[in-house]
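K.L.:
When you get a sec, could you give me coordinates for this:
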Amino acid sequence: MATTDGGTRITFLEEVKSAVTPRAALLVIGVLGLMVAFITSYTGAFHHPKPDRVPLAVVAPGPAGGQLVRQLDRLPGAPLDPRPAASEQAARRRIDDRTIDAALIVDPHGRTDRLLVAGGGGASLSQAVEAVVVKAELARQRAVRTEDVAPAAAGDSRSLSSFYLAVGWCVGGYLCAAILAVSAGARPTNGQRAVIRLAALALYAIAAGLAGAIVVGPVLGALPGSLFGLWGLGALVVFAVGATTLAFQGLLGVIGIGLAILVIVVFGNPSAGGAYPYPLLPPFWHAIGPALPPGAGTWAARSLAYFNGRALTGPLLVLAAWAVGGTLATLALATLRGTDGERADGEPGSGERLPA
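P.N.:
Take a look at the predicted model:
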């Protein structure tokens, strides 16, 4: 039992209530929830990767092609989504366009076929497709020779550099927004303050995008492709994540930072298609990955590095939607907050501030 300065005795329970406020207790419970969600999301996404309807082109002459497509389509567990292609050139174009992940080229004059894969799109996916096709071909008493038509760079082990680059940009985005909150209150008190924060975030995003592109390109030689393309992509990823975090903070105060971590880190990173591309992920993570910034950033970075910038429209639209949505929500919430403060106190921008 302790005593106060005035000599009054207080119980241990009263001491605990004084030291741990209800708000602090709720935040700790929230952190516990984030931890459990983190473990569940990563373990759920990665504990049992297996190919599921991987797009595969089949080039074979005459009726044999259609028969082979049907055979591959009926494999147990449906690991492949085979479709016929008119020629090897057509199949290669579809790999370059990222509409398929591999192609089986049947040799009508021999017993060894060729499997075209794109290692730059994910080494684990190429290996999984190869294992399935080799087994299926053995059942037909045929051999397979694998050719990587879009190999990962020598410094890009298992084609993971694009994923780590996108994750780094995302971390920079929400940390910058969190620091802006810590420096001057989680919720901007008026529209002008929100504009200033967004402008500061935009400048930071430009610098962060360039820094990331330089590190993975000229410094480490991990990713080929356009330095300016990666720079622009990085700036968009950082701003999209930062603006989203600012919007969450404007809505929920400090708790909004936790919500940003939940969306970007807990759900976004394991579903980004990094260690295991989308066709190897369970349905839930496969479905949400392309719609979240880490997944869109990873896909776009790989397209810039290994596929001549093809198949970029979708992920860029996703990132732009997060950036625009976050910006508009941040401005709207700050404007409403400033108006409410002015009505209540008679002073512009006198709305409530929550310390970070």
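K.L.:
Show me the shaky parts of this structure.
P.N.:
1-8, 14-18, 184-186, 189, 339-356 (pLDDT under 70).
K.L.:
Any idea which residue is closest to the centre of it?
P.N.:
residue 294 (1.7 Å; Cα atoms, centre = their mean).
K.L.:
That one looks like it's in a helix, true?
P.N.:
Yes. Counting by DSSP: H, G, I helix; E, B strand; the rest coil, one finds residue 294 located in a helix.
K.L.:
I'd say it and residue 168 touch.
P.N.:
No. Using Cβ atoms under 8 Å, residue 294 makes no contact with residue 168, being 10.2 Å away. From N, CA and C alone the C-beta is placed, and that goes for glycine too.
K.L.:
thinking again about what came up before, quick check: the gap between the residue nearest to the centre of the chain and residue 23.
P.N.:
To residue 23, residue 294 is 30 Å away according to Cβ to Cβ, to the nearest Å.
K.L.:
Which parts of the stretch 51-200 of the chain are helices?
P.N.:
62-73, 88-96, 123-139, 161-184, 191-214 (DSSP state H, counting those that start in this stretch).
K.L.:
Show me what the last one is packed up against.
P.N.:
If I follow you right, that is helix 191-214. Here helix 191-214 touches helix 161-184, helix 227-252, helix 313-345, going by 3 or more Cβ pairs under 8 Å, 6 or more residues apart in numbering; DSSP states H and E.
K.L.:
Residue 61: which of these is closest?
P.N.:
Comparison of the helices and strands packed on helix 191-214 against residue 61 by Cβ to Cβ identifies helix 313-345 as nearest, at 34.1 Å.
K.L.:
mind listing what's buried in the closest one?
P.N.:
315-316, 318-319, 322-323, 326-327, 329-331, 333-335, 337-338, 341 (16 or more other Cβ atoms under 10 Å).
K.L.:
same check, this time on stretch 140-155
P.N.:
Within stretch 140-155, the residues scored as buried using 16+ other Cβ under 10 Å are 144, 146, 149-153.
K.L.:
Just the terminal-to-terminal distance for that stretch.
P.N.:
37 Å (Cα to Cα, to the nearest Å).
K.L.:
neighbouring contacts of it?
P.N.:
With contact meaning Cβ atoms under 8 Å, 6 or more residues apart in numbering, stretch 140-155 is reached by 71, 92, 95-96, 104, 111-121, 123, 126, 130, 133-134, 137, 158-159, 161, 220-224, 305-307.
K.L.:
ok, 6 Å please
P.N.:
By Cβ atoms under 6 Å, 6 or more residues apart in numbering, the residues outside stretch 140-155 that reach it are 111-120, 130, 133-134, 137, 159, 221-222, 224, 306.
K.L.:
distance of the residue nearest to residue 72 when sequence neighbours are not counted from residue 113?
P.N.:
Leaving aside its chain neighbours, residue 72 sits nearest to residue 82 (4.2 Å; criterion: Cβ to Cβ, 6 or more residues apart in numbering). Taking Cβ to Cβ as the measure, residue 82 falls 13 Å from residue 113.
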